[in-house]
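Student: can't give you the sequence, but here's the structure:
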C-alpha cells in the first residue's frame, strides 16, 4: 500500500489533500451532498409500501371493467363498420369514437335513412350509451323506423333528441309518427324525448297522442315547432288527460287556436303531473284564455306556464286574472308580448295579489304599465319576498285601446236615488220645494231648490247634468195637465220619473239577455268534444300481411292467432300484437294510407280506411 503524505503534489498543477488507499483516490465528503443523499433516503423510506399500511392509497383500475369496455368498443365499432359496408354507407368517425361513451351527439350531419339504419343496428348491442342526440340528420320515416326498433328494446338510453329530422307524413309515403308513437307507448327507459321541428301535422298528432296516453316513464316531451293546429291539439289534449307521468310539455309554435287551445287548457284541469307547460307563440285568444281561467281555478299542480305572444287582449286577460285569484300553486306566469294593455296588466297583478296566491314571477315583456302598477308591485314585493315583475316600461296615461270606462249614472237616476235616501215620494218632494202649495214652480226656482237639495244629500250635479234633467221635463210638457212653457209642475216631474224607471227596466232586461247570451257562448266554447284515439287490434285468425324492408323487398310477416292483450308497460307492438323487438312495426289495416290494398290470409281485401266494397246480390 502506498501512502502519500498530505500536501504532496501528485501531478503538475494539482495540489489537493487526499489519501490514496488500494490505488484509489478518495476526496472528503461534501456537506451539501450528504444532506441531499439523506433527504433522498428518507423519501425512499416513505415511499416504501412494505414498511406501513394505509387506506389512502389510490385504487388501481379494474382490469375486468377496462377489458369489458374495450370489448364493447371493438364489437360496436366492428358491427357499425360491417353495417355501413353492407348498406354502402360511409362510416362516420364521430360515431365510431363515441360508441363506447355515454353520449352520442351528431348534429346537422344530414346522415340520411341508410346511415341511421346502420347506427340503429349497432345500438341494439350497445350497453354504454345513455344520451342520443341526432338533431338535423334528415332521417325521415325510412330511417326512424329502424331507430325506433333499437330504442324500443334498449334498456340504457334515457335521453333522445330527434329534432329537425322531417318525420312528418308529408315528407314520406310511410308515416314516421306511427313508429314514434309506438316507441313512446312501449319504451320503459326514455325520460326525455324531443321531436322539435319535424313538420308533424294533425294526423301525425294522433299517433303521438296514442303513445303518450299509455306511457308511464317519460318525464319531458318537446313537441314545439310543428303544425298540430286545432285537430292535432285535440288529440294531444286527450293524451294529457290519460297520461299520469309527464312533468314538462312544450307545445310552442304549433298553430294551436280556438277549439284546439280550449282542449289543451281543459285537459290541464284533470292532469296532476304536468308542472311546466309552454304554449307560447300560438293563438289562445279569447277562447283559450277563457278555458285557461277555468283551469287555473281547479289545477293546483301547475308551477310554470308560458303563454307569451298568444293574441291575448285585455278582455281575455281578465279571465286569467279571475283564475289566478283562486289558484295557489302557480309560481311563474309569462304573458309577455300580448296586447293586454295597461288595463290587463293591472287585472293580472290584482289577481296575483290575492291572499293564497304564490306567484313569484310575472313576465309582462313589452307590455306597458301605469305608475299605480309599479306602486302595487312594490307593496307586493314587501309582503311576498322574492316576487319579481318584468314589464315594458311605465307610461303616464291608460292605453286608449284597453281603457275600461265606468258606466255613467243618469242625472234623473241621481234625483230618484236622493228621494229614496230621504224616503220621499215625488209629491212630497215637490211640496217641500213649492212653499205656496200650487204644485207648480218656475223653471229657475225649481233649479235652485234642486241644486241645494242634491248638494245637501251628497249628490252633486254638473251644470250639463242639470240641463239634461230639464230637457227630460220638456219632453212631458205636451202631455195633458202639464205646465205652460217656462214652468215645472208635479205632473212633469212624476212623468219624467216614470219614464226613467221604464227606461231602466228595459236596459236591465237587455243586460240580462246579453249576459245570458254571453254565458251560452262561453258554454259553447268550453263544450269541446274529444277525438277518438287509435285502438289496439287483435286478430282471431291467422293472417299474413306484406311488409316492406329498407331495401324495398316485400317480406311476409306471420301473425299468430289470438295475440295477447297489450298492457301499458308491455313489450308487444301497438297494433296487431307483433313484438317490437322482432319485427319492424307497421300500421294496422284500418290505418293504411297507401293506395294499394292489403290482402289477408282469408282472401278478404282491406283497402283505404273508410272505404269498403258492398256486396251486391241480384235477385230474379
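Tutor: Great, that's in hand. The structure displayed is predicted, hence computed values, not measured ones.
Student: ok now do the closest residue to residue 364 other than its chain neighbours, which residues does it touch?
Tutor: Nearest non-adjacent residue to residue 364, counting by Cβ to Cβ, 6 or more residues apart in numbering: residue 391, 4.3 Å away. C-beta coordinates here come from the backbone N, C-alpha and C atoms, glycine included. Contacts for residue 391 (Cβ atoms under 8 Å, 6 or more residues apart in numbering) come out as 345, 364, 365, 367, 368, 369, 373.
Student: Next one, pLDDT for residue 288 please.
Tutor: Looking at residue 288, its pLDDT reads 97.
Student: Can you tell me the closest non-neighbouring residue to it?
Tutor: In space, and not counting its chain neighbours, residue 288 is closest to residue 261: 3.1 Å by Cβ to Cβ, 6+ apart.
Student: before we move on, back to that, taking the contacts of residue 391 one by one, which sit in helices?
Tutor: The helices, defined by DSSP state H, take in 345, 373 from those.
Student: follow-up on the earlier one: count the residues that sit near the residue nearest to residue 288.
Tutor: Applying other Cβ atoms under 10 Å, we find 30 residues neighbouring residue 261.
Student: Give me the residues contacting the helix or strand where it lies.
Tutor: When elements are assigned from DSSP states H and E, residue 261 belongs to helix 258-268. Under the criterion Cβ under 8 Å, 6+ apart, residues 228-234, 236-238, 240-241, 251, 256, 274, 277, 279, 282-285, 287-288, 290-292, 294-295, 299, 302, 525-526, 528, 530 lie in contact with helix 258-268.
Student: circling back to that earlier point, in JSON lines: the contacts of residue 391, plus pLDDT.
Tutor: As requested, the contacts of residue 391 are arranged in JSON lines below (pLDDT from 0 to 100):
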{"residue": "345", "pLDDT": "96"}
{"residue": "364", "pLDDT": "97"}
{"residue": "365", "pLDDT": "96"}
{"residue": "367", "pLDDT": "96"}
{"residue": "368", "pLDDT": "95"}
{"residue": "369", "pLDDT": "96"}
{"residue": "373", "pLDDT": "96"}
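Student: What about the contacts of residue 391, which one has the most neighbours?
Tutor: The most crowded member of those, judged by other Cβ under 10 Å, is residue 345 (28 neighbours).
Student: picking that back up, could you check the helix holding residue 261 and say which residues are buried?
Tutor: For helix 258-268, a neighbour-count test (16 or more other Cβ atoms under 10 Å) marks 258, 259, 260, 261, 262, 263, 264, 265, 266, 267, 268 as buried.
Student: Could you point out the helix or strand that follows it?
Tutor: Using DSSP H and E, the helix or strand that follows helix 258-268 in sequence is strand 276-278.
Student: which helices and strands sit right next to the helix or strand following that next one?
Tutor: Next in sequence after strand 276-278, counting helices and strands by DSSP H and E, comes helix 285-298. If contacts are counted by 3 or more Cβ pairs under 8 Å, 6 or more residues apart in numbering; DSSP states H and E, helix 285-298 sits against helix 258-268, helix 314-324, helix 490-526.
Student: Give me whichever of those is most buried.
Tutor: Among the helices and strands packed on helix 285-298, ranked by average contacts under mean count of other Cβ atoms under 10 Å, first place goes to helix 258-268 (a mean of 25).
Student: how far is it from where the chain is centred?
Tutor: Counting by Cα atoms, centre = their mean, to the nearest Å, helix 258-268 is centred 13 Å from the centre of its parent chain.
Student: and if you look at stretch 345-362?
Tutor: Stretch 345-362 sits 21 Å away from the centroid of its parent chain (Cα atoms, centre = their mean).
Student: go on, stretch 335-353?
Tutor: Put simply, stretch 335-353 sits 20 Å off its chain's centre (Cα atoms, centre = their mean).
Student: got it, and stretch 456-469?
Tutor: Chain-centre distance of stretch 456-469: 55 Å, with Cα atoms, centre = their mean.
Student: all helices of the stretch 301-450 of the chain, in order?
Tutor: Secondary structure of the stretch 301-450 of the chain (DSSP state H, counting those that start in this stretch): helices at 314-324, 341-352, 371-383, 411-422, 426-433, 443-456.
Student: Span of stretch 160-180 from start to end?
Tutor: By Cα to Cα, to the nearest Å, the extent of stretch 160-180 from end to end equals 11 Å.
Student: Mind listing what's buried along that stretch?
Tutor: If you call a residue buried by 16+ other Cβ under 10 Å, then stretch 160-180 has these buried ones: 160-169, 171-172, 174-180.
Student: Show me what the mean pLDDT comes to for stretch 160-175.
Tutor: For stretch 160-175, mean pLDDT rounds to 91.
Student: Tell me how far it lies from the chain's centre.
Tutor: Worked out by Cα atoms, centre = their mean, stretch 160-175 lies 21 Å from the chain centre.
Student: what's it in contact with?
Tutor: Identification of contacts with stretch 160-175 by Cβ under 8 Å, 6+ apart yields 132-145, 147, 151, 176-177, 180, 190, 192-201, 203-204, 207, 222, 226-227, 587, 593-594.
Student: One more pass at 7 Å, please.
Tutor: For stretch 160-175, the external contacting residues (Cβ atoms under 7 Å, 6 or more residues apart in numbering) are 132-142, 144-145, 151, 176-177, 180, 190, 193-201, 203-204, 587, 593-594.
Student: Now restrict these to buried residues only.
Tutor: 132-142, 144-145, 151, 176-177, 180, 190, 193-201, 203-204, 587.
Student: Among these, which are located in strands?
Tutor: Under the assignment DSSP state E, the buried ones among the contacts of stretch 160-175 contribute 132, 133, 193, 194 to strands.
Student: JSON lines for these, including pLDDT and distance to residue 352?
Tutor: JSON lines is the format used below for those (pLDDT from 0 to 100; distance: Cβ to Cβ, whole Å):
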{"residue": "132", "pLDDT": "96", "distance to residue 352": "41"}
{"residue": "133", "pLDDT": "96", "distance to residue 352": "38"}
{"residue": "193", "pLDDT": "97", "distance to residue 352": "33"}
{"residue": "194", "pLDDT": "97", "distance to residue 352": "32"}
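Student: Sweet, I'm off.
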